[in-house]
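# no sequence for this one, just the structure:
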């Protein structure tokens with residue numbers, strides 16, 4: 001488990017990503033990189049180098065899986081890279097729950113956004 005004192009870093013970076021996405025429908029690469037790198041460092045500080053590697057591999061695995069959804073235009077590029085970067089923080093033990101809960105929260109938002117932008 002990630003040390004609790006490190007979680008505000010993730011929260012702050014996700015808030016910046018969210019604000020940018022809402023304001024301009026764009027998630028800056030620098031923010032995504034910051035999430036991924038800080039996730040690897042948080043994993044390292046919480047459990048050592050093997051845990052950091054596992055977190056990076058979790059992010060890479062999710063990126064590989066979600067590429068198909070992005071190619072089919074079910075998922076935006078910002079969503080893809082943000083999910084993969086956040087998966088580094090989550091690591092393998094929490095990856096399935098992360099994907100399920102993110103999907104449950106994201107589907108209604110995506111449907112509302114599509115409905116709003118069609119008007």
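Everything's here; your move. Given the structure is predicted, the values throughout are model-derived calculations rather than measurements.

# What is the host helix or strand of residue 53 packed up against?
Here residue 53 sits within helix 49-71, counting by DSSP states H and E. Helix 49-71 sits against helix 29-47, helix 77-118, with contacts defined as 3 or more Cβ pairs under 8 Å, 6 or more residues apart in numbering; DSSP states H and E. Placement of C-beta: from N, CA and C, glycine included.

# Just the buried residues of the shortest one, please?
With burial defined by 16 or more other Cβ atoms under 10 Å, the residues of helix 29-47 counted as buried are 31, 32, 34, 35, 36, 38, 39, 40, 42, 43, 46, 47.

# The fourth one contacts residue 10, doesn't it?
Think residue 35. Yes - look at residue 35 against residue 10 with Cβ atoms under 8 Å: they come within range, at 6.9 Å.

# Need the overlap of contacts for these two.
Counting by Cβ atoms under 8 Å, 6 or more residues apart in numbering, the contacts common to residue 35 and residue 10 are 86, 89.
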